[in-house]
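Undergrad: Give the three-dimensional model of this entry:
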Amino acid sequence: MKKNYPTAPLPFQGQKRRFLKEFSKVLLNHRPEIIVDLFGGSGLLSYTSKKVLLEATVVYNDFDDYHLRLQNVDNTNKLLSDIRQLAQGCPDNMRIPERESKLIIKRLEKESGFIDWITLSASLLFPMKYGLCLSDFKKQALYSKVKQTDYIVDGYLNGLQVTKSDYYDLFLKYKDVPGVLFVVDPPYLSTNTSTYNSVDYWKLKDYLNVLRVLDGTDYVFFTSNKSSIIELLQWIENTYQIKSLFNGATILTANVQLNYTSKYTDIMLYRFNKHKNSYLIAA
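TA: Residues are numbered from 1 along each chain as shown. Okay, here's the model as predicted:
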């Protein structure tokens, strides 16, 4: 029996798991022949697309090299197994004492193979804290959060065409192809994007530029109440009489609780032009 993945098999910031049911309904209703995931992220939308529409061609733009983390999962599992032994006896979700923390840091210093820092962050750091190198872990308190079983990633990328390119170049390559569906999942504004490869360039201008792929197309667009993009486009429409790209869209929301003090609302908007052959999902 093939393993089903309701979430990405390895930790990743900003998955769309809360909207997978609605996303799947969109795929089944419109059945695109080609699905291009412009901001592939963890690949969860690409994986779901292939699971729902087995006959479709699914292009996964893995700008963050998630596939490298999947390929090296055996090394990650071995490293976490050693850390579990070093932290044995430490209460779950509690701060690891100084002695054990030093032993864990020494184990990380000795590691010569691939290190999945994002998965280690989910295993050893306070919720929503991330380290991208050894020095980051040396500066932060360690917590006993290591998963008690190995990570399994078998078959997650099966059938996907994995590529890595600028999202707009990929969009231009496929935008005139009949029956294509674009999946667009840019990092949110006003959220922590430290784990994305795109963090160095992702500014307000870049976020607004993504809206170009919505113009004249059908879409499902994911944002959050932190970005205020809906309010911005509405203000532009009211002030300058420029029609909002979200006019006529249906809105769904999901509340996200990051920790005891931090929460936000995920927003999904979708609209379809029945006279076009291409469907855009902006997630």
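Undergrad: residues near the closest residue to residue 212 other than its chain neighbours, how many?
TA: Spatial nearest neighbour of residue 212, excluding adjacent residues (C-beta to C-beta, 6 or more residues apart in numbering): residue 168 at 7.6 Å. (Glycine included, C-beta is placed from N, CA and C.) Residue 168 has 15 neighbours, counted by other C-beta atoms under 10 Å.
Undergrad: any idea whether residue 168 is helix, strand or coil?
TA: helix (DSSP: H, G, I helix; E, B strand; the rest coil).
Undergrad: Correct me if wrong: it contacts residue 186.
TA: No - assessed by C-beta atoms under 8 Å, residue 168 is found out of contact with residue 186, at 11.0 Å.
Undergrad: before we move on, which element is the residue lying farthest from the centre of the chain in?
TA: Distance from the C-alpha centroid of the chain, by C-alpha atoms, centre = their mean, peaks at residue 99 (35.0 Å). If you go by DSSP states H and E, residue 99 is part of helix 98-110.
Undergrad: that older thread, show me what contacts the residue nearest to residue 212?
TA: Contact analysis of residue 168 by C-beta atoms under 8 Å, 6 or more residues apart in numbering lists 209, 212, 213.
Undergrad: Any of the residues you listed buried? List them.
TA: residue 213 (16 or more other C-beta atoms under 10 Å).
Undergrad: Which one of the contacts of residue 168 is nearest to residue 149?
TA: Ranked by distance to residue 149 (C-beta to C-beta), the contacts of residue 168 are led by residue 213 at 39.9 Å.
Undergrad: Ramachandran angles for the closest one?
TA: phi -80, psi -10 (degrees, to the nearest 10).
Undergrad: Touching, it and residue 170? I think so.
TA: No - Residue 213 is not in contact with residue 170 according to C-beta under 8 Å; the separation is 10.2 Å.
Undergrad: If residue 254 is in a bridge, with which residues?
TA: Applying DSSP bridges to residue 254 gives these bridge partners: residue 266.
Undergrad: Tell me who's in contact with it.
TA: Per C-beta under 8 Å, 6+ apart, neighbours of residue 254: 18, 19, 265, 266, 268.
Undergrad: And residue 37, by the same measure?
TA: 43, 45, 46, 49, 58, 59, 60, 61, 183, 185.
Undergrad: Am I right that the third one is in a helix?
TA: Yes - under the criterion used here (three-state DSSP), residue 46 sits inside a helix.
Undergrad: can you tell me which residues contact it?
TA: 35, 37, 40, 58, 59, 60, 160, 183 are the contacts of residue 46 under C-beta under 8 Å, 6+ apart.
Undergrad: And the protein, split by domain according to the record?
TA: According to automatic domain parsing, the chain comprises the domains 17-65+164-282, 69-139.
Undergrad: Just give me the lowest mean pLDDT stretch among those.
TA: For the domains of the chain, the weakest mean pLDDT is recorded on domain 17-65+164-282, namely a mean of 83.
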